[in-house]
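Visitor: Below is the structure, and that's it, no one-letter string:
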């Protein structure tokens, strides 16, 4: 088992982690350049800073056009009808209970009783699943993979699975798409695009971006050749389903046909056929909702975490599931090994990483998930004090989010510090991993940003040739890329190589050089 | 060969046994409810239960007889009307109305009380002389029976209009029980709501026409009307809550049982079936996947086979290995050749169909005169087309697509474009006629652009839809063709023909302008553009599976194909996919084609056939990307 005590101490204050080379993290001044041999690898990746101040706040907070009109007293029946259309039965009861007409005393008391009963029942439901009493913004902040979703300027981040392109969702509900090969930065805005919790690019597709919004899932169709910086909202498909909001997590099938969406309020997760906008709800009561989804890279299994102390692993052929109760809290995050045979997950309230292995997927066992009987602890991340030249550093705590690079050699875990002790801080710990023949987790080091910057989101580049590339979004609004240079021990079984368009432009050495076509 | 549909028959047997289980279960529930306030072990009730089982069996037989994997989409209102008065559909409706009446009768008998009998002794005091007891008509019973018949007929009508006979294949595989459970709440909810509307409609119908059946029944059965009771075709009579409630309950029962039967049939028929790739015994050769794909089995078997191909390419490495294997003596990749050939055939057929449809659409409204050079080229292309090679070579294709649009734009001059899809014409003939008509001298003079441009075509039916109503016009077209063909050979006769052609054409124009002025006729004849596009893509599910199966097999071959059998067909596959991509892209740029799927309301009916073209576009793109990302630089 790996523990934080085995880690090298964090870099000196003021230094920034730059890259990994020869199995050691190198830190230095922020403007320091990479060694010459590696410079061309990162030359075109945009490093940017999006401070919070530059983002415009909402111009209109109210969603309806109501405030623009002069208040006019209508008859009670008309108001009731309107309330019923807008809010439903509760609205009517509220309207009647607050009516000013004097002659309807019995109706007023009756409806206020009914309203009280409604509140009581809903509070009963809420006490069963406490997260249901949160307002939707708090709920997203609670379940988002970003550390400080409500306060930081960057809310979600997603790399394109095949090219060097990423999307960043910002505090002002806009999304920017950065591409290494072009200077145009499309900014996506939509009336329904509010409180973005997660984004995902469609695999095996040029540019379709699914966005989890407060009320629906938006699917943007972006033309990669377009020079427009403001794609119209006509490019967005709206996928809405009653009772399925806010959406906090999305996952595309690695083969690209299906999209899964999950909401902490809805016990069903939805399988969308995006092109036809059909959806199939996969209902499984218990747990009160689904907060986080992770589809294994080989496409065979899906992790679905719930707001209560249970998570499920679905098998993606016949869609049956295995239920895993956890001991302490809900499953916060999880990630799959590249071959889909191992799931690492963390649980709220415990500072350890669990591992769960699955039997080799062969396709002949229909409707079996094939998980092992128990999960084992592979890393202990409890708080550890490091004595450095510059004083004490206390590191450790719960893991907030965790990502595994596509080759399966590096694992990054975003460790949230203990909120009670001021000196403990949020930090990214990087592990070296090996999945076969036996699973191994070895310490690599801590990543440190600029002074005062806390890591917010982490993501691995899906097709970095010389090892792995971790993108970290910091609380200052900075997005930096930290390369790990190493030679991959095994050719990954499912390596998304770049699309041929990119391959043409940068004809770099391929990993597989063996001739494919025989000379006839 | 009769062993091929065995899987379907087996499925249907399962389904029937399930239906039997289910109807006994339903009846048990029903009788349990009755049990609480009735003694139900009467001969009546047992007879009713048997009767209802028979009803459900008959309904499920109709389901089996009427299902379709490719929906028939009426392109105009006239076609819809034609579908409704088709004898097959009339039988369907009549039988369903009778079944509805039987269900209502059972419900009435089991409810007892005032609904039980059609004839009751009169309560009126007018028969003072007493000795003769008159029998009076029980209008409640009659109302229930009529409402049952109405509901049955309505169900049959909706079955047709909503294409409920269409079997939509699910987007994810699930166990039967889970699928059933998933659909059940929506089914119950929709049935309850629908029954409410039905009760409303029954009341309205009875208010206006209720006196007819009542008078008829009372005269034929010599029954009197009870003067003490309110007649049910008045407002006060209809506002009987108990009557309305029982009618509604009867409707809910009827709709739920029938819908569940329908749902179970759908689930059983679309369940994934496992076809062996290689026969283990000699007598199983007919049932293995390559054989089925290459033969012409019933359409559902073909669908199931393609679905199985998609599933095996996605989930089953062992069966993929069988596909890539070589035959034992000889070492030929028969399996792969058969499968890939069939998939490519399907895809190139779709390409052809789309080109046809685009050309038809391009003629609608615009007239363009090609130069002679282009004409010559298009003739050459035509010759190429008529060869009808299975795989269209990529090198020729772009020019084909481009240039073949030109002569058919010109087609509108002779209004021949409207004959597309008519049973008498082959595509090549169409084109020939179009080009030759261009040569004729009246080309410029007779055409009246304002007539052409305005309004949709009267008789365009690219889907090969209902053409029975156009037979006189088709005759004219045939005449025209004959003329066109004769022209090919003899110049002199051609002149006469041109004259004839001119006459026919002028006549046609007159008829057309006359007809298009009549609003009612336009209402029936006008084509719904969305419907005709849907009709083109109605069987696109096959193509989607072919695309997915093929592309996944090709992608898997990168690591699993030991003998390199896929490599030989890879260029052809890429050609076909890219050509199709080009044509599909062009299709979505047509003016009528909407680029977004329409919103789907949460209804019970499956409308997925309306959006198949979007699914096809998406899976085509994914298929191309799947192959190119897997092979990457090796494709260069």
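Guide: Thanks, I have the structure now. Every value quoted in this text rests on a predicted model; they were computed, and no experiment measured them.
Visitor: Show me where the stretch 301-450 of chain A dips below the pLDDT cut-off.
Guide: A:361-367 (pLDDT under 70).
Visitor: repeat that with 80
Guide: A:327, A:360-373, A:418-424, A:436 (pLDDT under 80).
Visitor: Which residue ranges of it form helices?
Guide: When assigned using DSSP state H, counting those that start in this stretch, the stretch 301-450 of chain A turns out to have no helices.
Visitor: for it, what spans make up the strands?
Guide: All strands of the stretch 301-450 of chain A, identified by DSSP state E, counting those that start in this stretch, fall at A:301-305, A:310-315, A:321-325, A:331-336, A:342-347, A:352-357, A:376-380, A:384-388, A:391-395, A:398-404, A:410-416, A:427-434, A:440-447.
Visitor: One more: the stretch 51-200 of chain A?
Guide: Applying DSSP E, counting those that start in this stretch to the stretch 51-200 of chain A gives strands spanning A:154-159, A:165-170, A:175-179, A:187-188, A:198-201.
Visitor: Quick check: which of these is nearest to chain B?
Guide: Nearest of the strands of the stretch 51-200 of chain A to chain B, taken as Cβ to the nearest Cβ: strand A:198-201 at 12.4 Å. From N, CA and C alone the C-beta is placed, and that goes for glycine too.
Visitor: wait, does the closest one contact chain B?
Guide: No. Against chain B, strand A:198-201 shows no contacts by Cβ under 8 Å from any Cβ of the partner chain, the least distance being 12.4 Å.
Visitor: Quick one: residues in contact with the following helix or strand past that strand.
Guide: Per DSSP states H and E, the first helix or strand lying C-terminal to strand A:198-201 is strand A:208-212. Strand A:208-212 is contacted by residues A:156, A:158, A:167, A:169, A:175, A:177, A:188, A:193, A:196-202, A:217-222, A:246-250, A:252, A:259, A:261, A:274 when judged by Cβ atoms under 8 Å, 6 or more residues apart in numbering or on different chains.
Visitor: mind checking the end-to-end distance for stretch A:447-456?
Guide: 12 Å (Cα to Cα, to the nearest Å).
Visitor: One more: stretch A:179-187?
Guide: For stretch A:179-187, the end-to-end distance is 12 Å (Cα to Cα).
Visitor: quick one on the thing from earlier: so of the strands of the stretch 51-200 of chain A, which one's packed in deepest?
Guide: strand A:198-201 (a mean of 26; mean count of other Cβ atoms under 10 Å in any protein chain shown).
Visitor: Can you spell out which helices and strands pack onto that strand?
Guide: strand A:154-159, strand A:165-170, strand A:208-212, strand A:249-252 (3 or more Cβ pairs under 8 Å, 6 or more residues apart in numbering or on different chains; DSSP states H and E).
Visitor: Can you give me the neighbour number for residue B:90?
Guide: 12 (other Cβ atoms under 10 Å in any protein chain shown).
Visitor: State the distance from it to residue B:153.
Guide: Counting by Cβ to Cβ, to the nearest Å, the separation of residue B:90 from residue B:153 is 11 Å.
Visitor: what do you get for residue A:41?
Guide: 72 Å.
Visitor: same thing with residue A:136?
Guide: 47 Å.
Visitor: same question, residue A:298
Guide: 53 Å.
Visitor: Run a quick neighbour tally on residue A:477.
Guide: Residue A:477 has 22 nearby residues by other Cβ under 10 Å.
Visitor: Verify the contact between it and residue A:151 for me.
Guide: No. Here residue A:477 does not reach residue A:151: they are 11.3 Å apart, not a contact under Cβ atoms under 8 Å.
Visitor: List the contacts of residue B:581.
Guide: B:620-621, B:624.
Visitor: Include mean pLDDT and distance to residue B:47 when you put the helices and strands packed on strand A:198-201 into TSV, please.
Guide: Converted to TSV, those look like this (pLDDT from 0 to 100; distance: least, Cβ to Cβ, whole Å):
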stretch	mean pLDDT	distance to residue B:47
strand A:154-159	94	66
strand A:165-170	93	67
strand A:208-212	95	58
strand A:249-252	94	56
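Visitor: Dump the ones you listed into a markdown table; add distance to residue A:380 as well.
Guide: Output for the helices and strands packed on strand A:198-201, formatted as a markdown table (distance: least, Cβ to Cβ, whole Å):
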| stretch | distance to residue A:380 |
| --- | --- |
| strand A:154-159 | 28 |
| strand A:165-170 | 33 |
| strand A:208-212 | 33 |
| strand A:249-252 | 27 |
